[in-house]
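Undergrad: Have a look at this fold, sequence not included:
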């Protein structure tokens, strides 16, 4: 069981593999959040921590410490968390749970380059061990821009906060972006690994915390129905889409110069590709799972020539869904000559026997038709049809679609006879949803991931090797796009991307699915 | 939407269900199980349906409520179908049987045609349960039979029946209410020092099947003598103490809301440990449908516990 250290021969007499009711509760520990005033912290982390407490999954005596450049006392911080929990938590508010949790709140005010504030943080943490019994186990959540990683890591090492001795653990949690190309990713990994060993580094890709993504593995490997056809014999192409209908107003600082490929394809979409295409792991241990993911990522290659097999675009202003919206270059904070792409699509193939010749199309964009993330597996047409062409005119390709968000579920599309005296076949869909209200009860991605950090359960976190390999795949595309003289192609807000995106599929007689 | 079908038959109910589905598409096929609630007609029905609707948010299911009316009345079956907003993520069918239709064997024949095809069936008696649930006519249709000794008129007698007549697939909410206690105790032993537990004491209200069952679980898992004592003023399960060489691990909950974990060499820790509501328990029950071997073993352990003669004083959360 996780959380145990020391004598490997020892087993907890109160635990039993068949006792599936017993939840995994983290051992005594505390969490320190840097950048606690940010949006992510308020909207996701604080509510997730409360929800975990409400579900009884946090240890008694759990401590949450905020670190930011604010002149706050513990109570002020507590009020901020309270407001965030009231507004964003998914489980009902229970005063008793809140009171116990709030007893463990601390706030340390200071800046990253100030030795003194980190010494105070160290004292706070030591004090928590004494008063709350956090047992020297602490996780540091860096909800801060990557440019601040070096100084914070250095401070953590200098003040002794990162030092782990004996049974105690210290872990660091970092958010994307994990660099902006292979070189910077390596530098970043080196900086973090200099202070924390790789098994103490937890990289959050919140997509991997989603039930629907974990369900890809259950769906593929727990069923007999799908795996036999999950290969190049039957599959024609795979389209992985992450589309958003919102623009980038107010996010210039983060997004300008980064673009859709770095923001989404490098991490989320390549991870989804790995889950969809990986071989069956021999077990669900984190080592096996990561091993298979790395194997499939190593076999993943771009398809060229890049000018024809990729597309990059930038949205222009116009009417979208009854609202007049601005183009990217007119958005506040963006360079009027910005060449940042807001739409990116690439073609990959996987050089294995299972996948030979099956293109994997990955696309992501802002201000597209609607907000949707899905994995669409599109099958080849039946090799021979005992029907005339007129009977099957309206029959498309069979498809198997995993809807990651929203409206989580699975859709299957196949042909069915149109009722009537004539034989006519048309596409119909069969739908599995997690139930209309199901998602309310299932834990949010951040809940699951924070709990896994505290438990030291690394399966759902990409390792340095995966991150670096993903950059290796993507780098040539980004370089190619940077060398284009005319910048990204334009597309109107609310459409499904630039014409070049359609052209890149049309060259092999395929079309994008409208999600 | 609520549709009443007075004095009807199950085939009429089935027809209506199909028609509702065609008209509004409100009844999805994605239900994972059928939950049959067996109860006497009366006010308790609504509370049970509400709990089931809550649970259906995690486990989309069809809920069939069998409400037994007057035995002396003329034979009649009334049905009510609830879908959409009135039914959580489930569809609810309430069947009220009167006269000869108010007995068990008739209940089973009313339920049978409405079970979802090829999906597991769970039976739940929110109030009084049959002596041997697995031999009950409705119980025989189900893979999983949920009872609640605490809501019986005589909880101790009901709990004794559970111990005597347990069959794989039976489970009782008395056990489900213990999950958070068990999790905290197990987690406390996860951390070093990894010493053997040499003795244990469990304290609770005099009539508290959960306290007995926790003692039984500890006796079986730890293989040591477990003493069961009575606390005078408190309600339900009050405290657990596990003796180890370096000192005891102690979890107490005097007020039914807040727990305190005490371990040697460590500060006291408070934790929210409220008594669990029925809907939370039901949600947990529906999470797994295979036989619960650990529960079965714990029932077996109840016979091994040592009963203390003198009642003990209630503990307090303040530092002592």
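TA: The structure has been received and is ready for your questions. Since this is a predicted model, take the numbers as computed values, not measurements.
Undergrad: CA atoms for contacts and neighbours, from now on please.
TA: Noted.
Undergrad: For the most centrally placed residue in chain B, which residues are in contact?
TA: With distances taken as C-alpha atoms, centre = their mean, the residue of chain B nearest its centroid is residue B:173 (2.3 Å). Residues near residue B:173 by C-alpha atoms under 8 Å, 6 or more residues apart in numbering or on different chains: B:146-150, B:278, B:281-282.
Undergrad: Looking at those, spot the one nearest chain A.
TA: Of all these, chain A sits closest to residue B:281, with 11.0 Å by C-alpha to the nearest C-alpha.
Undergrad: Could you say which helix or strand holds that closest one?
TA: Assigned by DSSP states H and E, residue B:281 falls within helix B:278-287.
Undergrad: now that helix, how far from the chain's geometric center?
TA: 7 Å (C-alpha atoms, centre = their mean, to the nearest Å).
Undergrad: Does residue A:162 touch residue A:193 like I think?
TA: No. Taking contacts as C-alpha atoms under 8 Å, residue A:162 lies outside contact range of residue A:193: 11.2 Å.
Undergrad: Tally up the residues packed near residue B:1, please.
TA: Residues lying near residue B:1 (other C-alpha atoms under 10 Å in any protein chain shown) number 10.
Undergrad: now swap in residue A:472 and tell me
TA: 18.
Undergrad: what's the nearest residue to residue A:326 if we skip its chain neighbours?
TA: residue A:317 (4.2 Å; C-alpha to C-alpha, 6 or more residues apart in numbering or on different chains).
Undergrad: for that neighbour, phi and psi?
TA: For residue A:317, the backbone dihedrals (degrees, to the nearest 10) come out as phi -70, psi 170.
Undergrad: is it true that it touches residue A:492?
TA: Yes. The pair residue A:317 / residue A:492 is scored as a contact, 6.5 Å apart, by C-alpha under 8 Å.
Undergrad: Please list all residues in contact with residue A:86.
TA: residue A:93.
Undergrad: Show me the strands in the stretch 1-150 of chain A, by range?
TA: Taking DSSP state E, counting those that start in this stretch as the test, the strands found in the stretch 1-150 of chain A are A:30-34, A:63-68, A:105-109, A:138-142.
Undergrad: strand partners of the second one, parallel vs antiparallel please.
TA: Put plainly, it is strand A:63-68. strand A:30-34 (parallel), strand A:105-109 (parallel) (DSSP bridges).
Undergrad: What strand or helix carries the closest residue to residue B:302 other than its chain neighbours?
TA: Nearest residue to residue B:302 in three dimensions, chain neighbours excluded: residue B:216, at 4.1 Å (C-alpha to C-alpha, 6+ apart). Take DSSP H and E as the rule and residue B:216 turns out to sit in helix B:209-222.
Undergrad: Also residue A:474?
TA: Assigned by DSSP H and E, residue A:474 falls in helix A:464-482.
Undergrad: partner strands of the following helix or strand past that helix, parallel or antiparallel?
TA: Per DSSP H and E, the first helix or strand lying C-terminal to helix A:464-482 is strand A:489-492. In the sheet, strand A:489-492 lines up against strand A:311-316 (parallel) (DSSP bridges).
Undergrad: Specify the angle between the partner strand and helix A:464-482 in degrees.
TA: Strand A:311-316 runs at 70 degrees relative to helix A:464-482, counting by axes from the mean of the first three to the mean of the last three C-alpha atoms, to 10 degrees.
Undergrad: May I see the domains of chain A written out as residue ranges?
TA: A:30-175, A:209-506 (automatic domain parsing).
Undergrad: Next, format those as a markdown table and append mean pLDDT.
TA: Shown next, in a markdown table, are the domains of chain A (pLDDT from 0 to 100):
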| stretch | mean pLDDT |
| --- | --- |
| domain A:30-175 | 92 |
| domain A:209-506 | 89 |
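Undergrad: about what we covered before: would you turn the strands of the stretch 1-150 of chain A into CSV with mean neighbour count?
TA: Listed next are the strands of the stretch 1-150 of chain A as CSV, based on neighbours: other C-alpha atoms under 10 Å in any protein chain shown:
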stretch, mean neighbour count
strand A:30-34, 24
strand A:63-68, 23
strand A:105-109, 22
strand A:138-142, 23
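Undergrad: Quick check: which of these is nearest to residue A:169?
TA: Comparison of the strands of the stretch 1-150 of chain A against residue A:169 by C-alpha to C-alpha identifies strand A:138-142 as nearest, at 6.5 Å.
Undergrad: Go ahead and name everything in contact with that closest one.
TA: A:29-35, A:149, A:169-175, A:453-454.
Undergrad: Narrow those to those in helices?
TA: In helices, judged by DSSP state H, the following of the contacts of strand A:138-142 are found: A:149, A:453-454.
Undergrad: about what we covered before: just checking, what packs against the helix holding residue B:216?
TA: Under the contact criterion of 3 or more C-alpha pairs under 8 Å, 6 or more residues apart in numbering or on different chains; DSSP states H and E, helix B:209-222 touches helix B:155-165, helix B:173-176, strand B:199-204, strand B:226-230, helix B:293-301.
Undergrad: Make CSV out of the strands of the stretch 1-150 of chain A and add distance to residue A:396.
TA: Output for the strands of the stretch 1-150 of chain A, formatted as CSV (distance: least, C-alpha to C-alpha, whole Å):
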stretch, distance to residue A:396
strand A:30-34, 50
strand A:63-68, 54
strand A:105-109, 57
strand A:138-142, 48
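Undergrad: For residue A:299, find the nearest of the ones you listed.
TA: strand A:138-142 (31.9 Å).
Undergrad: Pairing partners for the closest one, with directions?
TA: When DSSP bridges is applied, strand A:138-142 pairs with strand A:30-34 (parallel), strand A:170-175 (parallel).
Undergrad: Give me the distance between the last one and the centre of its chain.
TA: Put plainly, it is strand A:170-175. 16 Å.
Undergrad: Also stretch B:309-320?
TA: 29 Å.
Undergrad: and the worst-scoring helix or strand of chain B on mean pLDDT, which residues are buried?
TA: Least confident helix or strand, chain B: helix B:10-24 with a mean of 82, by mean pLDDT, DSSP states H and E. In terms of neighbour count (16 or more other C-alpha atoms under 10 Å in any protein chain shown), helix B:10-24 has its buried residues at B:10, B:13, B:17, B:20.
Undergrad: can you check stretch B:221-233 too?
TA: So stretch B:221-233, judged by 16+ other C-alpha under 10 Å, has buried residues B:221-222, B:225-231.
Undergrad: how near is the residue nearest to residue B:302 to residue B:224?
TA: Separation of residue B:216 from residue B:224 (C-alpha to C-alpha, to the nearest Å): 11 Å.
Undergrad: Please apply the same query to residue B:152.
TA: Taken as C-alpha to C-alpha, the span from residue B:152 to residue B:224 is 31 Å.
Undergrad: any idea how far the spatially closest residue to residue A:84 that is not a sequence neighbour lies from residue A:461?
TA: Closest residue in space to residue A:84, ignoring its immediate chain neighbours: residue A:42 at 5.5 Å, by C-alpha to C-alpha, 6+ apart. Between residue A:42 and residue A:461 the computed distance is 22 Å (C-alpha to C-alpha).
Undergrad: so is the residue located most distally from the centre of chain B in a helix, a strand, or just coil?
TA: Ranked by distance from the centre of chain B (C-alpha atoms, centre = their mean), the top residue is residue B:265, with 37.0 Å. Classification of residue B:265 by DSSP: H, G, I helix; E, B strand; the rest coil places it in coil.
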